[in-house]
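Peer 1: need a structure here:
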Amino acid sequence: MKRLWNMMCMCICMVVTMGAISYAGQIESNTQKPMVLESVTSGVNEELMTQFLNGDAEEITIPVNTTFTIGTEGEVALGKIELRFANGEAPNKIKMYATDFNGQVNYETLAYISNNTTADHIFSYDGSRSAYITFEFEGESEKSCTLQGLSVYGDYNYPKSMEQGLGVTVLDAKDSRNPLSIYRIPIGKNIYRMAGEILENVSGQTDHEKILLFMNVVRDYRVGASRTLEGIIKDRIGACGDRSSVLAALAATQGLETRILSLANYPKGTGHAVVEIKVNGKWAVYDPSFGSFYTTTPENKRSPYVLSLKELRAGKGRLASCIVGFPELLVSNVSYGFLGPDIYEKANPIVVMGVDKMSYYPLEIDYNGDREITYDEFGSIYQGASYIGVGPANNFHIWTIKNLKSEKVYSFKIRGTFIGGEVADPNFGVYAVLDKGKILEGSNFTFNMQEGKSEWVIRFKPKTETVKLTLSPHYLGSDWYYINIDRFCIE
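Peer 2: A predicted model of the protein is given here:
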């Protein structure tokens, strides 16, 4: 699932772009251990594959219709997997699934690959305990692929509260009661045990008081990012999205309906993540980064009226009290910007994360400026640019194209790198709508990497010097299914 996490506001994800791939079979953790080849289909030299995994060979050429399984010296909370192929020598399709020592499949995904890129193909984590990882490469029978890098990232070590019951899932990765299902992360018995330990020395707490105790867990976390839920808790490190995930998981153990909110593009070039929890029958927003919430009844310490996202968007935060539990963390104008209330009114988009929640990301390109935007430039400026379709949210683009000449014909080009997700369909359909002008060609397009259909070209004639072009997927289902993008240009 290459770069899927990077398309989110960088503060949202629990995964960030790592450095270059180290040696071929390395697992990045507090203790690094090499991968071990468990099995491979016939036609592949096991000795060469073992050398490649050990870092003794820079690359290995194998038939595309190959299946091989690698293992670790112990179960890993899977973080992510990076694959690198030589240019033009990638399989058409990759399927990957991870199993524990008992043979239970804990994670499964697939991707359809564009064969003209050397970029890393990244399968994002779900935090499941995994001992074996199986790869299935598919393509034209006469082809081979050259694998130049394979890295697995995960965590081996856990806090004491997580040592028992690590493999027991209470809320699986797609359970509607699991707020982390948006990331395909299960909530295990270990998180339930952790919540019990937090609450064990107090009794009779209201739901609000429980939430305050859960937020206090992340109070001293260092700013950064980890790769798994367990890693965040173990290393005590995380950005706002990580802290929100910890709070959401802990709240879910108490039967509280919980969801994560993305507040994008505010302050400019940044973004934030908070949690909305249903308390006493109504939604209430809590920000674990600052231990904060907005209330109209601050005198009620045990069960105050806490404002919802809907109320904050309507400007009611300006008439409420903002209670800040961690004032020492307000260290800059940016942190005050995250606190609000402006962010709840000006962030765009504001997304309740989920596969059924449509998020329209505003993007901009200037015909008189940089006419080409590539993946390396996406970052926080072009939030949401790296994919269209269903992932942690249902991603749409609204492009503002500036400095055009009326009635002149232009081409807007979108280059896809691969089709990813959980849907076994190599055809990904998209469509475009122009607000002030006419689309001459390309209003509908189907990406198909196996057939070389990797670039969507929209020819249009504007009526004004500035137009808005909306790019949407046809697919609106509940499984992840998206086109990963690495380039836009206007010609």
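Peer 1: got a list of contacts for stretch 323-332?
Peer 2: 212, 215-216, 219, 289-295, 298, 304, 335-336, 339 (CB atoms under 8 Å, 6 or more residues apart in numbering). Where you see a C-beta, it was placed from the backbone N, CA and C, and this is true even at glycine.
Peer 1: Next up, the contacts around D425.
Peer 2: Taking CB under 8 Å, 6+ apart, one finds I419, Y481 in contact with D425.
Peer 1: Okay, it and H474: tell me how far apart.
Peer 2: Here D425 is placed at a distance of 11 Å from H474 (CB to CB, to the nearest Å).
Peer 1: and if you look at Q254?
Peer 2: Per CB to CB, Q254 is found 39 Å from H474.
Peer 1: In terms of neighbours, single out the busier of the two.
Peer 2: Legend: neighbour count by other CB atoms under 10 Å for Q254 and H474, higher for Q254 (17 against 13).
Peer 1: what about the closest residue to A385 other than its chain neighbours, neighbour count?
Peer 2: Spatially, and ignoring its direct neighbours in sequence, A385 is nearest to F378 (4.8 Å; CB to CB, 6 or more residues apart in numbering). Residues near F378, counting by other CB under 10 Å, number 21.
Peer 1: next one: D242
Peer 2: So D242, with other CB under 10 Å, has 29 neighbours.
Peer 1: Also T146?
Peer 2: As a measure of burial, T146 has 15 neighbours, counting by other CB under 10 Å.
Peer 1: and if you look at the one 4 residues further on?
Peer 2: Summarising burial for L150: neighbours were counted as other CB under 10 Å, giving 22.
Peer 1: Helix, strand or coil: sort out it for me.
Peer 2: strand (DSSP: H, G, I helix; E, B strand; the rest coil).
Peer 1: Retrieve the pLDDT associated with it.
Peer 2: We have a pLDDT of 84 for L150.
Peer 1: Direction included, what does the longest strand along the chain pair up with?
Peer 2: The longest strand of the chain (DSSP state E) is strand 66-85. Sheet partners assigned to strand 66-85 using DSSP bridges are listed as strand 36-40 (antiparallel), strand 121-124 (antiparallel), strand 129-138 (antiparallel), strand 144-155 (antiparallel).
Peer 1: what comes up buried for it?
Peer 2: 66, 68-72, 75-85 (16 or more other CB atoms under 10 Å).
Peer 1: Excluding chain neighbours, what is closest to R313?
Peer 2: Y344 is the one closest to R313 (CB to CB, 6+ apart), at 5.6 Å.
Peer 1: That neighbour - how many residues pack around it?
Peer 2: If we define neighbours as other CB under 10 Å, then Y344 has 26 of them.
Peer 1: Wasn't it part of a helix?
Peer 2: Yes - under three-state DSSP, Y344 falls within a helix.
Peer 1: confidence score at it?
Peer 2: 97.
Peer 1: how about the helix or strand hosting E377 as CSV, C-alpha atoms only?
Peer 2: Assessed by DSSP states H and E, E377 sits inside helix 375-378. Taking C-alpha atoms only, helix 375-378 is exported to CSV below (Å, rounded to 0.1, in the frame of the first residue of the first chain):
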residue,chain,number,x,y,z
TYR,A,375,5.3,13.1,-5.0
ASP,A,376,8.4,14.5,-3.3
GLU,A,377,6.7,17.9,-3.2
PHE,A,378,3.3,16.7,-1.8
